[in-house]
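**Student:** sequence and predicted model, in that order:
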Amino acid sequence: MKLVMGVVNVTPDSFSDGGETFDTQKAISRGLSLAQAGADILDIGGESSRPGALSIDAREEMRRIIPVVEALSPIVRVSVDTTKEEVARRAVLAGATLINDISSGLAHVAADLGVGWVAMHMQASPEIMQRDPRYSDVVFEVRNFLIERGEYGRRLGISEVWIDPGIGFGKTIEHNLALLREIDFLADCDFPVLVGTSRKTFIGKVAARYEGEIPPPKDRLEGSLATAAWCYRHGVSAMRVHDVKETIDLCRLAGYR
């Protein structure tokens, strides 16, 4: 079965919703709605990783997300989207069972706590990652990095290791499209693959080639679903999405659920 990971951003500056669920109760309500729509996992994050975003301290990040994790984890599986060890540990204590790690640096935490780990590829940091990303061969470089990270995680004893090519994280439109075209090359590795394309800028820019202007994030549903369908068809195990109901409908229509 193909999995759907729903996004719950407890941030004031998310690229996708502009902070609509920054309030704790709104974030919990959003999570409950996504769970009811069929999300298999809810990915809860308190620090924006949009291009240009600045880091926040661990105390503030925990203040934002821990009440949300505590409220939702008894109802649906929860992933914590963080790069900070202190935040990851506190979120797992609150009920999270997966660490979604865009830095790929928290394998030791997942191993210590006995939870799952997502290793993602990112060039540089969110603050500067889109300034001038360059690769000799983006597909091979991303694949080799993720295999190394995945194998490292397994050596530490993590039983559930995921890999994520990091679409939009230190990549141009051409890099993103190349990774998607060859996503089966990554899916052939011995790790389940998680991909997040939902509402991202490259979808808007591709649409602009035909429509003349870049649609805002909430008007990128068609491109988000198209990339999800492509990824599922080519071996990806889970998609990280904002539009859970629509993605679930796609999975049902394609026979993935």
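**Tutor:** That came in fine, so what should we check first? As the structure is a computational prediction, the values presented were derived from the model and not from experiment.

**Student:** least confident secondary structure element in the protein?
**Tutor:** helix 201-211 (a mean of 89; mean pLDDT, DSSP states H and E).

**Student:** remind me, longest strand of this structure?
**Tutor:** Assignment by DSSP state E gives strand 3-9 as the longest strand of the chain.

**Student:** and it, which strands flank it?
**Tutor:** strand 41-45 (parallel), strand 238-241 (parallel) (DSSP bridges).

**Student:** between the ones you listed, which one is closest to Glu222.
**Tutor:** Closest approach to Glu222 among these is made by strand 238-241 (13.2 Å; C-beta to C-beta). C-betas here are computed from N, CA, C, even on glycine.

**Student:** who touches that closest one?
**Tutor:** For strand 238-241, the external contacting residues (C-beta atoms under 8 Å, 6 or more residues apart in numbering) are 2-7, 40-41, 43, 100, 162, 164, 192-198, 224, 228, 231-232, 247.

**Student:** end to end on stretch 10-22, go ahead and measure it.
**Tutor:** 4 Å (C-alpha to C-alpha, to the nearest Å).

**Student:** now that stretch: average pLDDT?
**Tutor:** The average pLDDT for stretch 10-22 rounds to 69.

**Student:** circling back to that earlier point, buried residues, the least confident helix or strand of the chain. List them.
**Tutor:** Residues of helix 201-211 classed as buried by neighbour count (16 or more other C-beta atoms under 10 Å): 201-204, 206-207.

**Student:** quick one on the thing from earlier: can I get the strands paired with strand 3-9 in CSV including mean pLDDT?
**Tutor:** Below are these laid out as CSV (pLDDT from 0 to 100):
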stretch, mean pLDDT
strand 41-45, 98
strand 238-241, 98
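
**Student:** out of the ones you listed, nearest to Ser29?
**Tutor:** Judged by C-beta to C-beta, the one of the strands paired with strand 3-9 that comes nearest to Ser29 is strand 41-45, at 12.2 Å.

**Student:** and the contacts of the very next helix or strand once past the closest one?
**Tutor:** Following strand 41-45 in sequence order, the next helix or strand is helix 58-72 (DSSP states H and E). Residues from elsewhere that reach helix 58-72 (C-beta under 8 Å, 6+ apart): 8, 10-11, 22, 24, 27-28, 31-32, 35, 42, 44-47, 78, 80, 82, 84, 86-87, 90-91, 94-96.

**Student:** now helix 58-72 against strand 3-9, angle please.
**Tutor:** 130 degrees (axes from the mean of the first three to the mean of the last three C-alpha atoms, to 10 degrees).

**Student:** for the most far-flung residue of the chain relative to its centre, what are its contacts?
**Tutor:** Residue farthest from the centre of the chain, counting by C-alpha atoms, centre = their mean, is Gly212 at 28.5 Å. By C-beta under 8 Å, 6+ apart, no residues touch Gly212.

**Student:** please, where are all the helices along the stretch 151-257 of the chain?
**Tutor:** 173-181, 183-187, 201-211, 221-233, 244-254 (DSSP state H, counting those that start in this stretch).

**Student:** from the chain's centroid, how far away is the fourth one?
**Tutor:** Distance of helix 221-233 from the chain centroid (C-alpha atoms, centre = their mean, to the nearest Å) equals 15 Å.

**Student:** next one: the shortest one
**Tutor:** From the chain centre to the centre of helix 183-187 is a distance of 17 Å (C-alpha atoms, centre = their mean).

**Student:** return the set of buried residues in it.
**Tutor:** Neighbour counts over helix 183-187 (16+ other C-beta under 10 Å) mark 183, 186-187 as buried.
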